[in-house]
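1. Below are the sequence and a predicted model; questions follow.
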Amino acid sequence: MKVTMKMFYDRFLSGMQRNMEAVIKDSEQLSTGKRIGKPSDDPTAMSRIINYNTMLSSTGEYLRSITTAKGPLEAFDSAFITLGENITRATELALSGANGTMDPRSRTMIAKEVDGLIGNAIRIANTKVGDRYIFAGFQSNVPPINATTGEFVSDTSSLQVDIGLNVKIALNISAGDIFSFRKTSAADPQNAVLPPYNWDNGGTITIPDADPISALHTSKGDPERLPAVASFTSSGDVFSSNGGTLTITVGDNDQSPVTVTLGAAQDADASGDYSLDEVRNAINAQAGSKVKAEVVNFNTTGNPANDDFRIVIASKPVGSSDKIKITVTTADGAGTGLNDLAYDPTGAQSMLLGTNITNYNYITDPSHPNYYSFNNNYLNENNLLRALHFLKASLESNDVGRIQKSLGYLNKLSDKLAQFTAEIGARLNKIDAEESYHDDREYNVKTYLSNEQDTDIAKVVTDMSQRQVALEGLRAVSTDFMRTSLFDFLR
Amino acid sequence: MSILGVFDIGKTAMYVTRKALDTTAHNVANINTPGYTRQELVLESVPSGVLSSTGLSGRGVKTTGVQRLYDSFIALQLRNEKSNLAYWEAYGEGIVKIENVFNEASDVNLSTSINDFFNAWQELSNNPEGYAERSLLIKKAEYLTARINRAYTTLDEERNELVKSNEFLVDEVNTITAKIADLNEKISASPGSLDLKDQRDRLIERLNEIVKVTTFEDNVGRYAVMISGVPLVDGARVFHLDSSIDINNNLHFYVNFTDSRGVLTETREVSHYITGGELKANYDLRDTQIPEYIDKLNIMAINLSDVVNYYHRQGYGTDGSTGNNFFSFATNTITDSDPSAGATITSLSITNTNSVSFSNQYRSDYIDAVAYAALPPADQADYIQEGTTGFYWRVQKSTDDGATWTTIAPNTLFDPSDPSTLNQSRVNLTPSSTAGSWRTLEFEGIKVRFDNNLIAAGETFSFRLNTNAALEIAVAITEPQKVAAAEGDLVTVDETNNNIRFSEDGGSTFVTATIPSGVYTRSELADKLKQALESADSTTAYQYTVAYNSGTKKYTITNEDGIAGVGPNDNLNAIVFDWTNAASTGRGLFGFTSNSHINAAGSETGDNAVYPNIPGDNKNAKMIAGLASQLIIAGRKPIDFYREIVSDVAVESLSAKDSQKFQSALVSELEGRREEISGISLDEEAANLVKYQKSFEAAAKMIGIADELLEVLLGMTGR
């Protein structure tokens, strides 16, 4: 094979070029610290790098979300601690208020302190973190509890944020779940969240105001009644065939007993007998402020077949039902009709069908006008403000029975609060777990990314020095060799 | 033979060696001339013409000419491979430019913008009431669209750049072919002009780098040059190559044939005959590679804006605004023959990147059962029934801007629950489960969603995908409060908006219905209104129906009247809503803008209702943030779709580099082989110099000896 100068030059140049290219690439890797400068340097690695960067980006975003979420959740924690202290204090006050030896003035003083607790609770409910009321729903720019009426004016939507792929956490607890509720009608003060004590709508008793704390009731369907009698299935069912009189006293020394007569005048439909409604109307019309009667359907199943209508009799003012004494004069047979209403708390308990329904939630229909009344036991664990108000109102009106009742409510609220504290704790735990997961993941992905993307410095440096040696050798040999040709030897 | 013959022989030897020295010197002189082929003197002995008693003896040496040491086979191979090398070099350079558009190795890149965009939505979902988060989202979105725009513009500029570069190349081709024709003439006139041949070979080689040509030599040594059989040079005649761009922005190449007087006789397109060289590389880049990436950017822009807009329109801003597009709808040109009634196109997305065509125009229409039954059976086959409704759909396409239309056949076997029955080349119809409220038509990689009820009169929709979507995509929302982070499903009813004043006797007496305060979903609100109306009834119990359409977000109140003169609901009773009275605060809840008079058994639909501001609602923002992990762009997640683009271009670029390396190795190998034959080695030439010098000396010596011999003879006679 003939070797020409050009071949030699070309080979030398291309060899040189190849080495130089590799050196420049190596030095680029060293200066940028990255193994890949263009996608085509390693297409599959590039695709993985984008993937890793996307993972890092979303992980970073989740970590930011977690930091954001911690603010309100920790605020809940401290809100619940303060609220717990409030309830403890209210319980203490209720206990001292329930002490029979305490005089009304001291109770009024205690009521003032309870009023302070109500204010505190409202302030807590209207806690703001950043721009947002944490106890609000989506209406986060409005204080969830109206500071004067105590009404819940926000919504109960849950503000969920993503703290991981398909991992959500709620950032809020609605004030409607613990503090208060929304009025169903603006016009009716009976629906007020903080209603007047024993609201009386102007003397006309259209809305029966029985107090179930200590009401008496009668039932034909009461399973404890012997012999068993079928339930009333309608408030129009016949209760008494003959009518008669009920003499009602409240307390042992009641000097002004009332007598309720069931005669032709009370037989509105002139049927000759008396339905549950007619008995109720007679009592409400004649007993004045002494007692109130209510016909209540004790059917809680919603199935009309189980309808069970009973008469509930409560004292007014309330709190003394345990002292109601009802003497019955009737032609009804023993153990039937009006005789069922006879009751004497001192021992001769002749109200055969009756049971004391203390703490019985007898109005279960939220649309019932008395649902939120004090006189319903509805006052459930969702309504902290109402419970405190109830305590305050009973202290103010010096009603020991209700002060004791309020203790039960406060207990319920404590439980509810504990449940929410646990809920917040659980959310914070979830966040912590998620955070450490994302931290780990971030670290791992960064490692993968570095493996794909970063220069292996040791390798590159070694490579470079090898190339350098090769390059120097090439230069030395080529220049030596090229310097001479046969022409040098011609003379 | 006389002694004088020795003089002659010596003279030929001297003459030839001097000639040989000339050739050697010429070789040495041209050692660095590109394309130079080593020349060599062809020697031949001169046979004796005279037979003497001593036998035959030669008459010296002569040259028959100078020849080029040239292997035409290697030259042909070299030409071909150089053409391929030039192709890969140009192609690689172009691909690198595309690669730079999608360079993900740099820190600022499109994938970061995509991630940032969705992260900004999540950030907003964490704090939906935040003004800062809203502004940031708009900024991030603007940055994303700017990045998509810039990628598009860069690619488009590159396309235009390639047109320029092609024009130069075409000019160069024409210059070269003119020179070749010129050289053809000269070579045919003086066949021995080796250096002209060298020149011509060099031109052919350069021509091959631009565009692959085939050549053959005719009997007088002239080259014919052809592109896949279409002549560029024929002897001394030259046919010019020409390029132009058609209305669809596609590049075409032509050869202009002229007759002997130079008058244009025919123009033949050679676009598809161009097989190698820079021209082919530019052609491939410009009309295949770059459009492919532009289309992918378009698909991304179309689907991203379509999906984000779809969800954004459902949501509410903090100012109660709704139905707004987030991205300005760069997507497509859509026309609806009856925009006020019937269906509307609410979404148009690309589901299959392989089947989609940006140049087709589509048209879809529907007819009711009556019109369908009236069609001849052949035409009925064009239509597909929507579920069990009496409506039939048809889709047509046009590839020539609407001049002619062909029907895309329906896929009658399509079952929406079984993806394997989907056939992209046919029309696949998915009806909604609630008959008639929406339906999607999928064909040729496009999925169109039509919402609302159809009308008996039928409608025609025509649309085409926007080939500039990636250029035009922009953020439509400028005011932060209009960013629809809220799903807005909840409506708050309180003292300020709970009263509806209405009359059941055509306006003689009015009563006020009160909706109980509360927070309701919109369909709950419809029930509440019905109850409120019915319980506010003055004397007789009328019945109403209040319906909420979640698609249009509109309420319809229907006065369900009875039979004339029978019972309380006789049909004389029109209801009148009094929206002007101060006691009537509930109008905004149902979106009525003016007093509504609903005739007996009639109904009235509100405009879009505006809901009280619910700033803490993040559901919609969360939904849109979640799109990042949904298969929204041609069946892929946004980032995966983008990754695919990057890895496509990277692989393309890498393989171009590899091909280039391989070609360049091949070319240098072939050049080595050519050098072996045609190259000049200084050592060889030096050796030749010595050789010829010695020969020259020897020939001179011969003449000297002959002279001596003559002197001897002459001396003999002179004595």
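-> Ah, there it is.
2. For chain A, which residue gets nearest to chain B?
-> Nearest to chain B, among the residues of chain A, is A:Ser140, at 2.9 Å (C-beta to the nearest C-beta). C-beta coordinates here come from the backbone N, C-alpha and C atoms, glycine included.
3. list the contacts for that residue?
-> Residues counted as contacts of A:Ser140 (C-beta atoms under 8 Å, 6 or more residues apart in numbering or on different chains) are A:131-133, A:154, A:159, A:172, B:128-129, B:615-616.
4. Out of those, which end up buried?
-> With neighbours counted by 16 or more other C-beta atoms under 10 Å in any protein chain shown, the contacts of A:Ser140 contain buried members at A:132-133, A:154, A:159, A:172, B:128-129, B:615-616.
5. check contacts around B:Asn423.
-> Applying C-beta under 8 Å, 6+ apart, we find B:Asn423 in contact with B:411, B:413-414.
6. Can you tell me the SS state at the residue nearest to the residue of chain A closest to chain B when sequence neighbours are not counted?
-> Once flanking residues are discounted, A:Ser140 sits nearest to B:Gly616: 2.9 Å by C-beta to C-beta, 6 or more residues apart in numbering or on different chains. What DSSP: H, G, I helix; E, B strand; the rest coil gives for B:Gly616 is coil.
7. still on that earlier bit, turn the contacts of A:Ser140 into CSV, including pLDDT.
-> Converted to CSV, the contacts of A:Ser140 look like this (pLDDT from 0 to 100):
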residue, pLDDT
A:Asp131, 79
A:Arg132, 85
A:Tyr133, 89
A:Ser154, 79
A:Leu159, 85
A:Asn172, 86
B:Pro128, 87
B:Glu129, 84
B:Pro615, 77
B:Gly616, 81
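8. Spell out which parts of the stretch 51-200 of chain A neighbour chain B.
-> Residues of the stretch 51-200 of chain A lying close to chain B (C-beta under 8 Å from any C-beta of the partner chain) are A:51, A:53-54, A:57-58, A:60-61, A:64-65, A:68-69, A:130-132, A:136-141, A:153, A:155-157, A:159-162, A:165, A:171-172, A:182-186.
9. Show me the residue at the heart of chain A, geometrically.
-> Taking C-alpha atoms, centre = their mean as the criterion, A:Asp177 is the residue nearest the geometric centre of chain A, at 3.8 Å.
10. From what I see, that one and A:Thr156 are in contact.
-> Yes: using C-beta atoms under 8 Å, A:Asp177 is in contact with A:Thr156, at 6.9 Å.
11. Run through the strands of the stretch 51-200 of chain A in chain order.
-> Taking DSSP state E, counting those that start in this stretch as the test, the strands found in the stretch 51-200 of chain A are A:128-129, A:132-133, A:160-164, A:167-170.
12. My error: substitute the stretch 201-350 of chain B in the last question.
-> Assigned by DSSP E, counting those that start in this stretch, the stretch 201-350 of chain B shows strands spanning B:214-217, B:223-227, B:230-234, B:237-238, B:240-245, B:251-258, B:264-269, B:327-328, B:332-336, B:344-350.
13. mind listing what the second one pairs with, with the direction of each?
-> What that stands for is strand B:223-227. Using DSSP bridges, strand B:223-227 pairs in its sheet with strand B:214-217 (antiparallel), strand B:230-234 (antiparallel).
14. Tell me which of those strands sits most buried.
-> strand B:230-234 (a mean of 21; mean count of other C-beta atoms under 10 Å in any protein chain shown).
15. so how far is it off the chain centroid?
-> Offset of strand B:230-234 from its chain centre (C-alpha atoms, centre = their mean, to the nearest Å): 33 Å.
16. distance of the closest residue to chain A within chain B from A:Val161?
-> Closest to chain A within chain B is B:Gly616: 2.9 Å, counting by C-beta to the nearest C-beta. Separation of B:Gly616 from A:Val161 (C-beta to C-beta, to the nearest Å): 11 Å.
17. next one: B:Ser53
-> 124 Å.
18. same check, this time on B:Phe168
-> B:Phe168 sits 59 Å away from A:Val161 when distances are taken as C-beta to C-beta.
19. Wasn't B:Ser647 part of a helix?
-> Yes: judged by three-state DSSP, B:Ser647 forms part of a helix.
20. Quick check: chain neighbours aside, which residue is closest to it?
-> Leaving aside its sequence neighbours, B:Ser647 sits nearest to A:Ser47 (C-beta to C-beta, 6+ apart; 4.3 Å).
21. okay, now that neighbour: neighbour count?
-> When neighbours are defined as other C-beta atoms under 10 Å in any protein chain shown, A:Ser47 has 21 of them.
22. Validate this expectation: it resides in a strand.
-> No: A:Ser47 sits outside any strand when classified using three-state DSSP, being helix.
23. circling back to that earlier point, contacts only, for the residue of chain B closest to chain A.
-> When contacts are counted by C-beta under 8 Å, 6+ apart, B:Gly616 touches A:132, A:136-141, A:157, A:159, A:172, B:128-129.
24. what about chain A, any weak spots by pLDDT?
-> Scanning chain A for pLDDT under 70 picks out A:182-230, A:250-254, A:289, A:298-302, A:314-323, A:335, A:344-382, A:401.
25. contacting residues for the closest residue to A:Thr82 other than its chain neighbours?
-> Counting by C-beta to C-beta, 6+ apart, A:Thr82 lies nearest to A:Ile124, which is 5.9 Å off, once chain neighbours are set aside. Shown in contact with A:Ile124 (C-beta under 8 Å, 6+ apart): A:79, A:82-83, A:86.
26. For B:Ala224, give me its contacts.
-> B:215-218, B:231, B:233-235.
27. Would you state the secondary structure element containing A:Ala470?
-> Per DSSP states H and E: A:Ala470 is located in helix A:457-482.
28. Which neighbouring elements make contact with that helix?
-> For helix A:457-482, the packing partners by 3 or more C-beta pairs under 8 Å, 6 or more residues apart in numbering or on different chains; DSSP states H and E come out as helix A:5-32.
29. Now do the closest residue to A:Gly84 other than its chain neighbours against A:Glu423, distance only.
-> Nearest residue to A:Gly84, sequence neighbours excluded (C-beta to C-beta, 6+ apart): A:Leu417, at 5.6 Å. Computed with C-beta to C-beta, the distance linking A:Leu417 and A:Glu423 is 10 Å.
30. Looking at the two, which is more packed in?
-> Neighbour count, other C-beta under 10 Å: between A:Leu417 and A:Glu423, A:Leu417 has more, with 19 against 15.
31. wouldn't the more buried one be in contact with A:Ile173 here?
-> No: in this structure, A:Leu417 is not within contact of A:Ile173 by C-beta under 8 Å, at 11.0 Å.
32. Okay, the residue nearest to the spatial centre of chain B and B:Asn249: tell me how far apart.
-> Centroid-nearest residue in chain B, with C-alpha atoms, centre = their mean: B:Pro291, separated by 1.6 Å. To B:Asn249, B:Pro291 is 9 Å away according to C-beta to C-beta.
33. Need the overlap of contacts for the two.
-> By C-beta under 8 Å, 6+ apart, the residues touching both B:Pro291 and B:Asn249 are B:Arg159.
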